[in-house]
Each structure stands twice: as structure tokens, then as C-alpha cells.
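Asks: Okay, structure incoming, though there's no sequence with it:
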């Protein structure tokens, strides 16, 4: 079974703090994703990485950055957390870009910024 | 731009009955992939079913089947013999072909399914 894990299930941070969300997958997947899930808005892609050290902006990258130094690990960074970044964050991974491979999701991190 | 629309924010079904969740999408591509994902309360999102656009035959997975209408750009999910464990948020997703070194993965806004005992 593919396993995607995220560093925290729940996180509470203060406005202005730098926040790190980590995601690890154990199936040697090339592609990794960070989404934000908000009620009524579905999943919105923040960043996408198709290989180590490679990244691509998604639909809502503002206020976020990412790091992928190793194939199995993809980190999302909130440089200066703001209250409008309070949300559920989902990490996902999938096999190579060619082919209609499904995504495997982590359990999510519910981040609250106060 | 590609879009995915789920027009039913919430649906209910009686246990053992059949329910159909709707999804429409918009794309100018001819070769793409469609998915239904299930997100149970407080649990991880998992794949329910996948459909390749080049396949005319509708995908089925046990009690789950799709009605894929390519010309109408419609991709509905039918759940037969509904069970209490089917209660979840269901997301429809579109994956574009891999062209120009990238691809897009777009999700709908979700349909919350309640199963009544």
C-alpha cells in the first residue's frame, strides 16, 4: 500500500510565524502535490513537483513556497502565516506525469492561524 | 481553461438504495482522465473509480459505476446498494494529458453524501 504521511494532523500558529508542513511518501512517486481544501471551494492546487528540486506553481501559490530536496519528501512553507491561510492542507503523490495515474493523499493538516 | 463542476453540494440516500452524483467538466482536449475520489469524515481521500477518455466503455468497480458521456462532458457516479460506509464527501477530478512538459489536475467542489439508515 502506498503511504503518504504528513507531519501534523493539527497545527496552531500565530500570525507572522514561519510554518513548515512536511509530507513523505514511501512509493518512489515522481510527482508530489500540495492542495488547500476549503468548504465550498474543493481542492485548490498550491504547488506541484514533478521531480527532485523541480516545482511548478499551482492556482494559488501566493504566500507559499515549497522545497523538494529528496524524492520522498515535499515541504510546504508559509513564509509569514496570515489568518486567511487557516485551512486544511492536503499532500498527494502520484507516479510519473505520463499516464493517467491517480493521486494518493495524506491525512491532511488542519492549520489554524490566530 | 479546464473546469470541473459538481452542482449538488449535498445529497442523501436511503441505505440499500441507489444514488447518482453529477459532474460536468469543460476541456478542449480529447485525451484525458477522469476520477471520482471519496473523502470519509476525518479520513484520507481515496480513489473510487477512474475513466480514460479514449475508452467508450463505462468504468465499474463493484457497487460503483460511472456514466461517461464524452460529447456532453458529463461524468456521473452511480452508487448501488448504498451502505453506511459510503457516507463521505465525493470529489470529481479531471486530469489533462501530459503536453508541453506539464499537466493539470482539477477538482470539483465536492458533493457530501449522507446515507440514511
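Replies: Thanks, I have the structure now. Remember, it's a predicted structure, so these values are computed and weren't measured experimentally.

Asks: residue contacts, residue A:5?
Replies: By Cβ atoms under 8 Å, 6 or more residues apart in numbering or on different chains, the contact list for residue A:5 reads A:23, A:24, A:25, A:106, A:107. C-beta: built from backbone N, CA, C; applies to glycine.

Asks: count of neighbours near the closest residue to residue B:107 other than its chain neighbours?
Replies: Nearest residue to residue B:107, sequence neighbours excluded (Cβ to Cβ, 6 or more residues apart in numbering or on different chains): residue A:43, at 4.1 Å. Neighbour count of residue A:43, defined by other Cβ atoms under 10 Å in any protein chain shown: 27.

Asks: Same question for the one 5 residues further on.
Replies: Summarising burial for residue A:48: neighbours were counted as other Cβ under 10 Å, giving 24.

Asks: Pull the contacting residues for residue A:110.
Replies: A:9, A:10, A:11, A:87, A:88, A:89.

Asks: for residue B:107, same thing?
Replies: Contacts of residue B:107 by Cβ under 8 Å, 6+ apart are A:35, A:42, A:43, A:44, B:4, B:37, B:91, B:92, B:93.

Asks: looking at this, the fourth one is in a strand?
Replies: Same thing as residue A:44. Yes. Counting by DSSP: H, G, I helix; E, B strand; the rest coil, residue A:44 is part of a strand.

Asks: isn't it right up against residue A:58?
Replies: Yes. Using Cβ atoms under 8 Å, residue A:44 makes contact with residue A:58 at a distance of 7.2 Å.

Asks: so what sits against both of these two?
Replies: With Cβ under 8 Å, 6+ apart as the test, residue A:44 and residue A:58 both reach residue A:35.

Asks: neighbour count winner among the two?
Replies: Counted by other Cβ under 10 Å, residue A:44 and residue A:58 do not tie: residue A:58 has more neighbours, with 19 against 16.

Asks: you'd agree the more buried one is up against residue A:36?
Replies: No. Applying Cβ under 8 Å as the test, residue A:58 and residue A:36 come out as separate, 9.2 Å apart.

Asks: shared neighbours of the two, anything?
Replies: A:44, A:46.

Asks: Now name the helix or strand holding residue 55.
Replies: In the absence of a named chain, chain A is used. For residue A:55, the element it lies in under DSSP states H and E is strand A:54-57.

Asks: And residue A:50, by the same measure?
Replies: strand A:42-51.

Asks: Residue B:6 is in contact with residue B:112, isn't it?
Replies: No. With contacts counted by Cβ under 8 Å, residue B:6 stays clear of residue B:112, the gap being 10.2 Å.
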